[in-house]
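Student: following is a predicted model, sequence given first.
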Amino acid sequence: MKRITILGSTGSIGRNALEVVEGNRDEFEVIGLSTHQRVELLYQQCLIFKPKMVCITGNDFPIELFEKLKQLEIDVVTGKDGLRELASRTDVDVLLNALVGSAGLLPTLDAIEKNIDIALANKETLVMAGEIITSFAKQKGVKILPVDSEHSAIFQCLQGENAKTISRLLLTASGGPFYDFSINELKDVTVEQALDHPNWEMGKKITIDSATMMNKGLEVIEAHWLFHIPISQIEVVVHQQSIIHSFVEFIDGSLKAQLGAPDMKVPIQYALTYPNRHYLQTERLNFDTLKKLTFDKPDYKKFPACVLAYESIKKGGTAPAVLNAANEVAVFYFLNKKIRFPSITKFVEQTLEKHREIQNPTIDEIIAADVWARNFVNEAVRKEEILQVSF
Ligand SMILES: NC(=O)c1ccc[n+]([C@@H]2O[C@H](COP(=O)([O-])OP(=O)(O)OC[C@H]3O[C@@H](n4cnc5c(N)ncnc54)[C@H](OP(=O)(O)O)[C@@H]3O)[C@@H](O)[C@H]2O)c1
């Protein structure tokens, strides 16, 4: 039995992961689960999977829930410290980090410290502190198993290959819901339109990141750290059908790709069962009905967010953490209808411009840069609101 903890079990990745566990009940024992605020769903998950410990990080939960969980003999911890306690348990083989945003960073470090392999969905962790995370994992002999479909595709293509023979990584991008919109049309898109992703059902933050294409930028940085490939050898290809999940090109010109119907259970299960493959009940590709696969160059004039991500990793140090934090806050304001869609990228750009990066930062310096960027965007949005009112 593989013993697993799922941080963020109530989210899109977390729920898919529990479906994978459900389909492999003899393979997995669930040790820990966590939620931010969907406590009722967490309780339902506890009834089915009977973890030993759960964490609730949000403030708002009914006190009776403690009693109900106690009756199930489940320990309850709360807040950021509770999440770190859960991530630090040593009776776990794999920790699936399915948290959203910067909340994923410290628990990942805690689990690595305890020699626990990480199935990583939370790309923000690597964007913020890729160098620290990957070198610490190497030092501890801990595997970082990619869950993002693109990175899982690359990881699968690399099985049996020598990483030194890679010449390029090509990350595929669906283009999101606004691929065919003009720059002018993008000014007025609504939150509801942005949340309507053509191919994937995901949490709100990553869905907005897909619409701005910041998600692809974050993935370029994630791929850089996971596979130790220079950023100049990582490219993005728009492939609207999301059938090819990414390519690896080798020095002899050969390309390998991983294909499949878009279903996050595939990369989640691969990360959890690696190096084995298990049966999965999922849609199979049908080449009688699949008429075409298309490829395009990304339009970075329309979607400049991805370029900012490339720039941040070139600047290095704390710059990617600042990009990430500014983006998280700007997405929050967009979701709350305080700023327009193109302003998300504009605020990230302004924050990066103002930031004086620190090279080879410590975790504390990364966290300080994250806080600085959040304050910067909060202030910038507030100023813009005042300007709008006084107009
Ligand atoms: N969804 C996908 O298909 C997909 C694909 C590739 C990569 N990813 C990556 O996987 C990660 C998770 O994405 P998702 O779509 O599953 O997100 P999601 O649906 O928003 O779920 C996030 C999970 O984290 C919890 N959470 C939210 N804020 C938190 C905080 N401040 N502290 C602790 N826990 C918090 C949520 O609790 P509540 O349920 O209470 O909100 C939920 O359990 C992201 O990094 C994303 O980029 C996702």
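Tutor: Nice, thanks for sending it over.

Student: spell out which parts of the stretch 1-150 of the chain neighbour the ligand.
Tutor: 8, 10-14, 35-38, 57, 98-100, 103, 121-124, 148 (CB under 6 Å from any ligand atom). No exception for glycine: its C-beta is placed from N, CA and C like everyone else's.

Student: quickly note the distance from whichever residue of the stretch 101-250 of the chain sits closest to the ligand to residue 222.
Tutor: Residue nearest to the ligand within the stretch 101-250 of the chain: residue 203 (2.5 Å; CB to the nearest ligand atom). The spacing between residue 203 and residue 222, counted by CB to CB, to the nearest Å, is 16 Å.

Student: between the two, who's got more neighbours?
Tutor: residue 222 (25 against 17; other CB atoms under 10 Å).

Student: quick one: average confidence on the one helix or strand the more buried one maps to?
Tutor: Using DSSP states H and E, residue 222 sits within helix 214-227. Mean pLDDT, helix 214-227: 98.

Student: what about residue 317, how many neighbours?
Tutor: Residue 317: 19 neighbours (other CB under 10 Å).

Student: which residues sit in contact with it?
Tutor: 357, 358, 359, 360, 361 (CB atoms under 8 Å, 6 or more residues apart in numbering).

Student: not counting its neighbours along the chain, what's nearest residue 311?
Tutor: Excluding the flanking residues, the one nearest residue 311 by CB to CB, 6 or more residues apart in numbering is residue 352, at 6.9 Å.

Student: and whichever strand or helix holds the one you found, what's buried?
Tutor: With elements taken from DSSP H and E, the one containing residue 352 is helix 341-354. Neighbour-count burial for helix 341-354 flags 341, 342, 343, 344, 345, 346, 347, 348, 349, 350, 351, 352 (criterion: 16 or more other CB atoms under 10 Å).

Student: then stretch 200-210?
Tutor: 200, 202, 203, 204, 205, 206, 207, 208, 209, 210.

Student: in this structure, which residue sits closest to the ligand?
Tutor: Closest point on the chain to the ligand, by CB to the nearest ligand atom, is residue 11, at 1.9 Å.

Student: still on that earlier bit, pull out the buried members of the residues of the stretch 1-150 of the chain next to the ligand.
Tutor: 8, 10-14, 35-36, 38, 57, 98-100, 103, 121-124, 148.

Student: in a markdown table: the buried residues of helix 341-354, plus distance to the ligand and pLDDT.
Tutor: Listed next are these as a markdown table, based on distance: CB to the nearest ligand atom, whole Å; pLDDT from 0 to 100:
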| residue | distance to the ligand | pLDDT |
| --- | --- | --- |
| 341 | 19 | 97 |
| 342 | 21 | 97 |
| 343 | 21 | 97 |
| 344 | 15 | 98 |
| 345 | 17 | 98 |
| 346 | 22 | 97 |
| 347 | 19 | 98 |
| 348 | 16 | 98 |
| 349 | 21 | 98 |
| 350 | 23 | 97 |
| 351 | 20 | 98 |
| 352 | 20 | 98 |
